[in-house]
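[1] Below are the sequence and a predicted model for it; my questions follow.
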Amino acid sequence: MTTTPGADPVESRVVRVFRGEPLVEILAFVEAQLAAGATRLAFCVLDPDRGRGHHAGELVREDGIDHVHRPWRVWVDLAERLGLRLATPRVVEPPLVELRFERLSRAADATPLATADDLTEKYGAASAFARVSKLEEPSFVVDFSEAVARAKLPPTPRVLDLGVNTGDELALLRRLLPGATFVGIDHSASAIAIARARFPDASLHVADFADLVSLELGSFDLVVSIGTLQSTGLDDRELVRQVVQRHLAPDGAVIFGFPNCRYVDGEIVYGTRMKNFRQPELGLLVKDVAFYRKYLQQHERQVFVTGKYYVLVTGVRIGSAT
Ligand SMILES: C[S@@+](CC[C@H](N)C(=O)[O-])C[C@H]1O[C@@H](n2cnc3c(N)ncnc32)[C@H](O)[C@@H]1O
């Protein structure tokens, strides 16, 4: 059966309807269209609201016809995995909705967020990275907030942020830890200038991590480093060794965040991508997470590994976690 689709952004006039077909058939349909060069595509399925409480794949009978129910998440996941954006669905002929997809920009996919020639300004104010905010990602906000709560910090903790950039983590930490004082380090002068304007009370240093010890910053109740330890040219193992041995209070906690995503054409896409792999390849991420998990355990920390788009390794003093 076909139905009349809505207008833009998907312009095709004949729209395929899927009722009882398995997901693998829908995937094959979408992949065939993409292989043929389509940049937009659409199809109709049962309105997921009709099958609330059913699992994906269970049948829902509407007007004497069986439809396979799939929650909205299935369509969001399908879009994400195939490099597509899901437009706002439209109700066409109840109980059907029209799902409209458009391909994410290939140019954006090929362009890293960090582009400056100068290594220190790779993630500076002029980089595409500056347009991205983790504070609008629910999973990051929820997981990071839980990690901070797990650390059971004193009422007025000292917090160090390695790779503070423009201060997004500080914005969240300030809400979570209203009594905290903050110190941040980053070698991007343009990013630190923005962070200083946002957080005039924080002590923010334009410096390379290699100079950490000479900054004589003292010891901290919490050290965070998000999306930074895998940076180009950084001896992250040595940096963490210095932090744990010289700058972590005896009961101090750490939260290290490892990106497990890419940002493409305005969308966050799950999984780190290796050259020549079409789908996410998590080998390097798993290796680094396993290393820091073991390292922190060896330094008397109970370690939690949480997160989705950012994998968070949280180390708290044994016996202090909630
Ligand atoms: C990917 S960004 C992450 C920034 C921020 N934590 C976030 O998640 O939004 C990594 C940051 O680490 C900084 N950085 C990388 N290597 C550094 C080094 N050797 N010394 C100081 N800062 C460094 C970069 O300038 C950048 O701001």
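    Done, it's in.
[2] Tell me which residues touch the residue in the chain that the ligand sits nearest to, please.
    As assessed by C-beta to the nearest ligand atom, the ligand sits closest to Gly163 within the chain, at 3.1 Å. In short, each C-beta sits where N, CA and C put it, glycine included. Counting by C-beta atoms under 8 Å, 6 or more residues apart in numbering, Gly163 makes contact with Ile185, Asp186, Ser225, Ile226, Gly227, Thr228, Ser231.
[3] So which other helices or strands are in contact with the top helix by length along the chain?
    Secondary structure of the chain read by DSSP state H shows that its longest helix is helix 283-298. On a contact count with 3 or more C-beta pairs under 8 Å, 6 or more residues apart in numbering; DSSP states H and E, helix 283-298 meets helix 236-242, strand 248-259, strand 301-307, strand 310-317.
[4] what's the closest of these to Glu62?
    With respect to Glu62, and counting by C-beta to C-beta, the nearest of the helices and strands packed on helix 283-298 is strand 301-307 at 38.4 Å.
[5] Return the list of strands paired to the closest one, each annotated with direction.
    Next to strand 301-307 in the sheet, as set by DSSP bridges, lie strand 310-317 (antiparallel).
[6] pLDDT averaged over the partner strand, what's the number?
    In this model, strand 310-317 carries a mean pLDDT of 97.
[7] which residues sit against it?
    Contacts for strand 310-317 (C-beta under 8 Å, 6+ apart): 134, 139-140, 143-144, 147, 150-152, 226-227, 250-261, 285, 289, 292-293, 296-297, 299-306.
[8] what do you get if the cut-off is 6 Å, keeping everything else the same?
    Strand 310-317 has contacts (C-beta atoms under 6 Å, 6 or more residues apart in numbering) with 140, 143, 147, 150-151, 251, 253-260, 289, 292-293, 296, 301-306.
[9] What is the neighbour count of the spatially closest residue to the residue of the chain closest to the ligand that is not a sequence neighbour?
    On the basis of C-beta to C-beta, 6 or more residues apart in numbering, the spatially nearest residue to Gly163 that is not a chain neighbour turns out to be Thr228, at 2.9 Å. Neighbourhood size, Thr228 [other C-beta atoms under 10 Å]: 23.
[10] gap between Thr228 and Gly37?
    Using C-beta to C-beta, to the nearest Å, Thr228 is found at 39 Å from Gly37.
[11] For the closest residue to Leu135 other than its chain neighbours, grab the count of nearby residues.
    Leaving aside its sequence neighbours, Leu135 sits nearest to Asp168 (C-beta to C-beta, 6+ apart; 5.5 Å). By other C-beta under 10 Å, 20 other residues sit near Asp168.
[12] where are the low-confidence patches of the chain?
    Applying pLDDT under 70 to the chain flags residues 1-13, 108-116, 274-278, 321-322.
[13] Spell out which residues of it are next to the ligand.
    By the rule C-beta under 6 Å from any ligand atom, the part of the chain lying against the ligand is 123, 134, 163, 165, 168-169, 185-188, 191, 208-209, 226-228, 231, 234.
[14] PyMOL command for the buried members of the residues you listed?
    Buried subset of those, written as a PyMOL selection, criterion 16 or more other C-beta atoms under 10 Å:
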select buried, resi 123+134+163+165+168+169+185+186+187+188+191+209+226+227+228+231+234
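[15] my read: Leu99 touches Thr88, true?
    No: in this structure, Leu99 is not within contact of Thr88 by C-beta atoms under 6 Å, at 10.0 Å.
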